[in-house]
Structures are given as structure tokens and as C-alpha cells.
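S.K.: quick one, fold the following:
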Amino acid sequence: MTEAATLDRTATQTEHFDVIIVGAGISGLSAAWHLQTHLPGTSFLALEREGSYGGTWHTHKFPGIRSDSDLYTFGFHFKPWIGPPIATAAEIQAYLGEMIAENDLARHIRYGHSIVAANWSSERALWTVTARLASGEERSFTAGFLHMCQGYYRHRNGYMPKWQGMDRFPGPIVHTEEWDESLDYAGKRVVVIGSGATAATVIPAMAPTAAKVTMVQRSPTYFFPAPNANELAETLKPLSLDPAVLHEIVRRKINYDQAELVRRCAEEPDAVKAELLAAVQALLPEGFDMAHFTPSYRPWRQRVAFVPDGDMFTAIREGKAGVATGEIETFTETGLTLKTGETIDADIVVAATGFDLCMLGDIAFSVDGAAFDFPESVTYRGMMFTGLPNLIWVFGYLRTSWTMRADMISQFLCRLLAHMKAKGADAVTVALRPEDQDMTLSSWIDTEDFNANYILRSLDKLPRAGAKREWQHTQDYWREKDELPAVDLGGAEFVYTAARQTAIAAE
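M.R.: Numbers count the residues shown, from 1 in each chain. I've put the predicted structure just below:
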């Protein structure tokens, strides 16, 4: 049966595909392009819960929504970016839409399909996926392989702390993940709780029309203010280079600069800290208390928030925005009070308090009918899990653009599928080798190296990591870009089987 015929089968039948991609955000679209380009003839389908593509850029509706990574590296390596480095959600959606159209990928995407369960059958070497439609109807699909590109947090359901007295506050309290686009903040006093990239986006967007916007933060964050332009790209544009060539040159230069910054953060953190704080101080009013922008941790233990054109600091300098630092004691009838004793009046409170991490889309996974327990598994390079066959998870980088890792993992998937076909294997599972059995296990990510709160809150949901590099999820793109393409797929950590669990001799 041809792929087109398969796609035309009625919804009452269980449709089968070689690969099901979960999600049609930037990771899922990257995966679709790689499968179509590098494994022609492979049948695949992307199942997307939302009504359109884009993931974050479709679901996020809060004021000013924009990228916090440059589009030269956040965008696709095969589709040149020609706009400003930091782009709005609308610009990113347009870019993704062009990519879908240019590669005829729309026919491979089903929207409005929320996956609720996935069961692996060892006997059949197949995944059975159950998706629920908005109507409540459920549909089943089978696939030889699952490529999990659904992201890492619950869209439309942010992390909302519970503060004393919230019921006393008469105005709206809205989380940025659950934004009400009808909310009128013109002329209103707005408190934004949080100090990360989302707060740095919302504050300058609301400040021009709000009476005042006050950022209330428990502790400061590092910010990197800079023009929303790439100097190298602007220098090269008059040379009339092929856009793909220009894109690749700028992309490589950005990756080089980011590698140098990460190295310096580890080796000379005090110097980097001084540089970051000086850049912020230069944009603030004279005499501004820099304690509000001086974190207690070294740079890059949490994500450094880019502020294009320094717009948030412009709002502060012009008196349209302010900052208060301290833990919230209680909400009141007129705003909120900090444990420092400071009171902030507000008509509207916006919680930019972060994500609520979910493990592989909160899907109920099972193997031969038995529920799969992720915290009992060990991760292979942050993308596969011991005991879970024919599944790869995309979790991107936190120190450079997410897409850099999504792209490499899609390449790895294609190489693995080709290797399995050549071996006559239906299934592959990663397993600890004899020399790994006594290996010390630890949390999924090194929290001494990266301690974002949304990860710390969810470590108990995540797989374990080992003491050896291949059993870890690292943040080191600059080594992984060489390591992942060189992975020996015939290594002892890969256990290949045929449909009836007949062992296939290692190469």
C-alpha cells in the first residue's frame, strides 16, 4: 500500500506508519524533514494536540512573545533565516509555515490529536498509540518507532505557586502560560512575578500602555542586553552571498561565541559576571540599586535571558517599570506585601513563574501491558531509556538553541533506522553493559552545573543518569556535535531483536 493510500484510510481503521512523530513544533517539523530527506520511502505521521503547528509559538499568547534564542541557530540549518536574530512568535510561525509548504509536509501532520497512551508489544515489535480528539473520540495508530518531539512542559498550564492571601486580591491573577488575550491592562498597575526570559518579554510589551509595571522577583537573574541585530550578518549582507552560505557562516560564528562564553562562565565566572552586570548598569538610571540584578549564582547555572535592544531596561529608565526583590509574604486587597516589608500596589498580577515540566507529554507508556516507570530507567545520552524499545525523546539544549540538539537527534534517528533495516532488526533497546552494572547513578541532569527551578521541581519524574558520558544528558553541544554522529550503533549498549525476540548477533 502506498503512503498516500495509507493516509486516506478511514478513521475507524488502525493506521500504521514506520514512525510516529509526537508533536508538530519546531522539533517535530525538523524530524519530518529529516525522515523525508534522508529516508525516502519511510512512512511517517506527526500527531499534534493543538489545532496548528508551532508548539510554543502557537500556544504562547502573552504580550510581546518572542524568541530568547537567535533564529540563526534556533531556526533550521537547511532553511536560511533572513530576519532579526530575536523574532516574534508571528515571524517564527511564518518561517515554520514556509518550511512546511516548501517541503510538502502538511500531508504528514494530523492536528487535534492528543496522545493519551502508548503500549509497546514485544511480540509484534509495534507501538500502539491511542489519540483523543476534541470530540472525545479516540483513534488508534501503530508504528514501528516513536519519535517524541512534544516538548518538555505543559502548554497552557504553567507553574503557579500558592501564596497566602491570593483570594483577597480582587483583580485578575493570570499566568503567562494561560494568557487571556481580552485582558485590558491599559492604565493599570501591573505586577509581574518572576525574573526570567518571560518576564523580560512581558514587561517592555506592557509598559507603554500600563500605568506602571513592577517586576517582583524572589532573586535576580542574569540578563544580556544587546542590539537585535547580528553584526557579522549585517557586514556580510552587502556582499550578496547565497542566503544559505550567509546563514551557515553566521550560525557557526554564533556557536563559536557561545562555546567561548560557556567556557568563560566555568573558568572565569567573576569576570563574566562583572561584564554582564556592567552591560545592565549602563542602561539603568544613575544610582539604581544593582542588587536587583546581581544573582547569587555564577553565570549560566540558569539560562541567561537575552534582552533585545535593552528594551526592559529602557522601560525602567523611563519610569514605566520598576523592580522589587524579595519573597512574597501575602497578597492583599490592594496588591501584595513582601517579607522585606515592602508593599506593591497592583490592579493586575501576572505570574511569569515558569513551566510545569511533564515527562514525554504525560502519556501513559507501557511495555507489554505493564506501565513503564521512567525514574527506574537510565537515560542514554538524554534521548533513549533502558527498558523502553524503539523510542527517542528530543530534549534540546538549555545553554544554546533547542533546535541544535533536536536536529542532531533527528539525524541520529535516521541513522539508527537505516542500521536496523540493514540488520533485519525490528526493535532496539538500550541496556547497561556489564562494565556499567556497578556505575553510580545520579539525577538526570547535573544540578551543580544547571539548576533551573522547573527541572529541580521535577527530578523525581525523570530517568536516572550514570557516571559515564553516554549515560548522561549533557548541555555540551560543542562535544555532542562530534560525538552523536560517531556513536557506534553496533555497540554493546544497543540490543537489537527481531519480531519474535530472536537475538540478532552483534556486529
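
S.K.: now for the residue lying closest to A291 once chain neighbours are set aside: which residues touch it?
M.R.: Nearest non-adjacent residue to A291, counting by C-beta to C-beta, 6 or more residues apart in numbering: T325, 6.8 Å away. To be clear about C-beta, it is placed using only N, CA and C from the backbone, and glycine gets the same treatment. By C-beta atoms under 8 Å, 6 or more residues apart in numbering, T325 lies in contact with 216-220, 291-292, 340.

S.K.: which among those gets closest to D257?
M.R.: P220 (24.1 Å; C-beta to C-beta).

S.K.: check the secondary structure at the closest one for me.
M.R.: For P220, the assignment made with DSSP: H, G, I helix; E, B strand; the rest coil gives coil.

S.K.: contacting residues for the residue nearest to it when sequence neighbours are not counted?
M.R.: Of all residues beyond its chain neighbours, the one nearest P220 is P295 (4.7 Å), with distances taken as C-beta to C-beta, 6+ apart. For P295, the contacting residues are 219-222, 302, by C-beta under 8 Å, 6+ apart.

S.K.: what domains does the record give for this structure?
M.R.: Structural domains of the chain, as assigned by automatic domain parsing, span the residue ranges 3-155+357-497, 166-351.

S.K.: ok, of those domains, where does mean pLDDT dip lowest?
M.R.: Here the domains of the chain differ in mean pLDDT, and the lowest is domain 3-155+357-497 at a mean of 91.

S.K.: show me the strands in the stretch 51-200 of the chain, by range?
M.R.: If you assign secondary structure with DSSP state E, counting those that start in this stretch, the strands in the stretch 51-200 of the chain sit at 109-110, 114-121, 126-132, 138-148, 173-175, 189-193.

S.K.: okay, these, which one's buried deepest?
M.R.: Each of the strands of the stretch 51-200 of the chain was scored by mean neighbour count; the highest is strand 189-193, a mean of 24, by mean count of other C-beta atoms under 10 Å.

S.K.: quick one on the thing from earlier: want to throw the contacts of P295 into JSON lines with distance to R381 and neighbour count?
M.R.: Converted to JSON lines, the contacts of P295 look like this (distance: C-beta to C-beta, whole Å; neighbours: other C-beta atoms under 10 Å):
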{"residue": "S219", "distance to R381": "32", "neighbour count": "13"}
{"residue": "P220", "distance to R381": "33", "neighbour count": "19"}
{"residue": "T221", "distance to R381": "29", "neighbour count": "19"}
{"residue": "Y222", "distance to R381": "28", "neighbour count": "23"}
{"residue": "Q302", "distance to R381": "23", "neighbour count": "19"}
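
S.K.: what about the nearest residue to E181 once chain neighbours are set aside, how many residues nearby?
M.R.: Spatially, and ignoring its direct neighbours in sequence, E181 is nearest to K61 (5.4 Å; C-beta to C-beta, 6+ apart). Summarising burial for K61: neighbours were counted as other C-beta atoms under 10 Å, giving 14.

S.K.: which residue ranges of this protein form helices?
M.R.: For the chain, the helices identified by DSSP state H occupy 3-7, 26-38, 56-59, 71-74, 89-102, 197-206, 231-236, 243-267, 269-281, 311-317, 402-423, 453-456, 477-483, in order along the chain.

S.K.: distance to F145 added to the ones you listed, as CSV?
M.R.: As requested, these are exported to CSV (distance: least, C-beta to C-beta, whole Å):
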stretch, distance to F145
helix 3-7, 16
helix 26-38, 10
helix 56-59, 25
helix 71-74, 26
helix 89-102, 22
helix 197-206, 33
helix 231-236, 38
helix 243-267, 29
helix 269-281, 42
helix 311-317, 43
helix 402-423, 7
helix 453-456, 27
helix 477-483, 21
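
S.K.: between those, which gets nearest to A125?
M.R.: With respect to A125, and counting by C-beta to C-beta, the nearest of those is helix 402-423 at 10.3 Å.

S.K.: what's the closest one packed up against?
M.R.: Counting contacts by 3 or more C-beta pairs under 8 Å, 6 or more residues apart in numbering; DSSP states H and E, helix 402-423 packs against strand 15-22, helix 26-38, helix 71-74, strand 138-148, strand 391-393, helix 477-483.

S.K.: what about 7 Å?
M.R.: Helix 402-423 makes packing contacts with helix 26-38, helix 71-74, helix 477-483 when contacts are defined by 3 or more C-beta pairs under 7 Å, 6 or more residues apart in numbering; DSSP states H and E.

S.K.: distance between that helix and the chain's centre?
M.R.: The chain centre lies 19 Å from the centre of helix 402-423; the measure is C-alpha atoms, centre = their mean, to the nearest Å.

S.K.: quick one, that helix and strand 15-22 angle?
M.R.: Put simply, helix 402-423 runs at 150 degrees to strand 15-22, going by axes from the mean of the first three to the mean of the last three C-alpha atoms, to 10 degrees.

S.K.: any buried residues in helix 402-423, and which?
M.R.: 402-417, 419-420, 423 (16 or more other C-beta atoms under 10 Å).

S.K.: what residues of stretch 185-205 count as buried?
M.R.: Buried residues in stretch 185-205, defined by neighbour count with 16+ other C-beta under 10 Å: 185, 188-205.

S.K.: so how far is that stretch off the chain centroid?
M.R.: Centroid separation for stretch 185-205 versus its chain: 22 Å, with C-alpha atoms, centre = their mean.

S.K.: hang on, the earlier thing: next, the residue nearest to P220: phi, psi?
M.R.: phi -70, psi 160 (degrees, to the nearest 10).

S.K.: repeat for M160
M.R.: With angles defined as degrees, to the nearest 10, M160 shows backbone torsions of phi -120, psi 110.

S.K.: count of neighbours near it?
M.R.: M160 has 17 nearby residues by other C-beta under 10 Å.

S.K.: and H77, how many neighbours?
M.R.: What H77 shows, counting by other C-beta under 10 Å, is a neighbour count of 15.

S.K.: from memory it sits against D407, does it?
M.R.: Yes: applying C-beta atoms under 7 Å, one finds H77 in contact with D407, separated by 6.1 Å.

S.K.: returning to what we had before: include distance to I115 when you put the contacts of P295 into CSV, please.
M.R.: Converted to CSV, the contacts of P295 look like this (distance: C-beta to C-beta, whole Å):
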residue, distance to I115
S219, 37
P220, 39
T221, 34
Y222, 37
Q302, 31
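
S.K.: so what's Q150 up against?
M.R.: When contacts are counted by C-beta atoms under 7 Å, 6 or more residues apart in numbering, Q150 touches 22-23, 360-361.

S.K.: right, I'll call it a day here.
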